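Chemist: The following block contains a protein sequence and its predicted model.
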Amino acid sequence: MAFYADRDPPMIATPPNPLPDADPAASGLYLRLWQAGFRWLYVLDAIGILAVAALVTVVRFGTGWPEPGELVIGMLALTAILQVVFYFGGLYEKQARLGHRMWFARVVGLTLVALAIGFVLVLPTGRYAVPRANLAAVGLGVVLVATGTREMSRRLRSRRFGPPRVLLVGSSDQTALAASHLAESDRSAVVVAQVSGGAEVVSTAATHRATDVVFVDDVSLGEVMPEPLGALDGAGRGVYLRVTATTALLGLRDVREIGGMPYVAIRPRALRTHQLRLKRLVELAVLLVATPLVVPVLILTATYVRLAAGRGVLFHQVRTGRHGVPFTLAKFRTMHHDAEADGTARLAAVDDERVIRGCRWMRRTRLDELPQVWLVVLGRMSLVGPRPERPELIAEFEAALPGYGRRHEIAPGITGLAQVRAGYHTDPAYKLGHDLQYLMSWSPVLDLQILARTVLVLVRPGS
C-alpha cells in the first residue's frame, strides 16, 4: 500500500468543497478568485521582493542610482524569476490549516536556485538583474520576506476563516492526550469532536464542519487509504497521521508540529498541481530539443516497417489514460494483423509467435513506441510515466492488485521507471511497484535520468 506524505492534491475538474474554511456567502469573491488560481501571496511576494531590491540599492547608492531605468527593469526581472521558481517549488500551493511548517530552509533553497537561474540567463549579455555586489543582501532579504509572507498568510487566513476545527480520531486516551496538548500549545485550534475511527469519521467531520482530521493512534495505512482519506481530501479537509516509531521508518521528509506532537499531512495523490505543470514544461522543452533527431528516426522506422510488415504501418489500440479516461494509442506495427483474431486480449509473451519476422528488435529497443510522441504534444501522454494498459487487462489487474488504479494519477508515458528497471515481460505486480515509486519520487532530474536510460536501451537493448 503506497501513501504520499505532505503532498497537495493535483488539479481536479471541480474545486474542493469550501465549507470547511468559511461560509461561502461571507467570502464568495475570494473563493472564486482562489479557485481561478489567484493567491494573495503572489502580490505580497512581489511587493516584498521589489522593496528588498530597492532598499538594498538605496543603501548602496543612495538616491542617485546609476542607470536607474536598467536597475528598475532588472528588479522586475529578478522578481519574475523568483516567483516562477517559487511557484514550481510549491510555495503557492494551498497549505494545510493545522500545524506549523518550517518554511525557512525551503525558501533558502529555492531562492538560491532562482539567483543561479538569473545568473545563467544574464551571462550572454553581461547585464545583471541587480548589481553583483547586492546579490547576497538581496538574497537574504528575499528569504526573510518570503518566509514572513507565508507566516502572515497563515495568520490572515485564520483571522478570515476562523481557527482550524479539528476532529481527533483514535482511542479515548490518545484523543484526550492530543486534545490536552492542543489546548496548551496550539490554542488557535478548536477540537470539535473525537471519534474512535471507522466509517463515522467522514460523517462526523461533515457534521461538525471540521477543517482538519488528525489520526492520533499508531494506525496502519490500510485503515486510512484509500478511505476515508479520499473522501476527506475531496471535501477539502486536511488529514494528518501521527509520526511514530513505525511510520518514521517510511522515510518521511516533511514532518510538521501540531500541539508539540509530530505529524505528517497525507494526501491521496502524489503530485501537486505545480509539479504536474513543471513536468509538462520540461517534457515539451525536451521534445523541442530532440525534434531534429526524432523526426528522421520516425521516417526511417516507418519506412522499415512498411518494407518488413507490409501495409498498415501504424497499429491503433484503445488504452487507459490519466484518471482512467480511455484514448487511442498509436505505435509501429510489429505483430501480424490477425494477432488477436479470437478477440481475446492477452499480454505479449517472450518469443511471441505473433511478432513479425524482422520486427522483434523494435520491441526490444522500444522504437515501436515512437509515434506516441505526437500524443505527448497533445497532452494525452507523457514522455515518462506508467505505461498505458488496455481497459480489459486493467479490470483484471485492479481486481488482483490493490492500488493499481493509482498509476493513472498522471498521463501515461512512452517510457517509465518500470520500463528501464524491469524487462518487457515483467509481471504487472512488480511493474506497479516501480510506477508507484516513480510517482512518490518524481522530479525533473528523475525524468531526465529515465530518458537517458531509455536512450541507452535504444543503443544497447541488453542494458
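Modeler: Received the coordinates, thanks.

Chemist: Report all helices and strands that the helix ranked longest in the chain contacts.
Modeler: Assignment by DSSP state H gives helix 273-309 as the longest helix of the chain. Judged by 3 or more C-beta pairs under 8 Å, 6 or more residues apart in numbering; DSSP states H and E, helix 273-309 is in contact with helix 68-88, strand 326-332, helix 373-378, strand 382-384, helix 444-459. Every C-beta, even on glycine, is put in place using the N, C-alpha and C of the backbone.

Chemist: To residue 283, which of these lies closest?
Modeler: strand 382-384 (4.6 Å; C-beta to C-beta).

Chemist: Can you spell out which helices and strands pack onto that closest one?
Modeler: Judged by 3+ C-beta pairs under 8 Å, 6+ apart, strand 382-384 is in contact with helix 273-309, strand 413-415, helix 444-459.

Chemist: What residues of the first one count as buried?
Modeler: The one in question is helix 273-309. Judged by neighbour count (16 or more other C-beta atoms under 10 Å), helix 273-309 contains these buried residues: 273-276, 278-280, 282-283, 286, 298, 301, 304-305, 309.

Chemist: Now do it against helix 68-88, angle only.
Modeler: 70 degrees (axes from the mean of the first three to the mean of the last three C-alpha atoms, to 10 degrees).

Chemist: and the two most separated of the buried residues of helix 273-309?
Modeler: 274 and 309, at 43.4 Å, using C-beta to C-beta across the buried residues of helix 273-309.

Chemist: what helices or strands is the following helix or strand past the longest helix of the chain leaning on?
Modeler: Downstream of helix 273-309, the first helix or strand assigned by DSSP states H and E is strand 314-320. If you count contacts as 3+ C-beta pairs under 8 Å, 6+ apart, strand 314-320 packs onto strand 326-332, helix 391-400.

Chemist: any idea how far residue 89 is from residue 356?
Modeler: 48 Å (C-beta to C-beta, to the nearest Å).

Chemist: Now do the contacts for residue 47.
Modeler: Contacts for residue 47 were tallied using C-beta atoms under 8 Å, 6 or more residues apart in numbering; there are none.

Chemist: For residue 78, see how far away it is.
Modeler: Distance, residue 47 to residue 78, by C-beta to C-beta: 14 Å.

Chemist: what do you get for residue 322?
Modeler: Taken as C-beta to C-beta, the span from residue 322 to residue 78 is 36 Å.

Chemist: Of the two, which one has the most company?
Modeler: More crowded of residue 322 and residue 78, by other C-beta atoms under 10 Å: residue 78, with 23 against 20.

Chemist: Spit out the contact partners of that one.
Modeler: Counting by C-beta under 8 Å, 6+ apart, the residues that residue 78 touches are 49, 53, 114, 118, 129, 130, 138.

Chemist: ok so, going back, just the closest of the buried residues of helix 273-309 to residue 202, please.
Modeler: residue 273 (24.3 Å).

Chemist: avg pLDDT for stretch 299-308?
Modeler: The average pLDDT for stretch 299-308 rounds to 87.

Chemist: Contacts for it next, please.
Modeler: Under the contact criterion C-beta under 8 Å, 6+ apart, stretch 299-308 has outside partners 313, 332, 333, 334, 356, 357, 358, 359, 362, 367, 370.

Chemist: Greatest separation within the residues you listed: which pair is it?
Modeler: 357 and 370 (20.5 Å).

Chemist: Contacts for stretch 112-122, please.
Modeler: Outside stretch 112-122, the residues within contact range by C-beta under 8 Å, 6+ apart are 77, 78, 81, 82, 84, 85, 86, 89, 128, 129, 135, 139.
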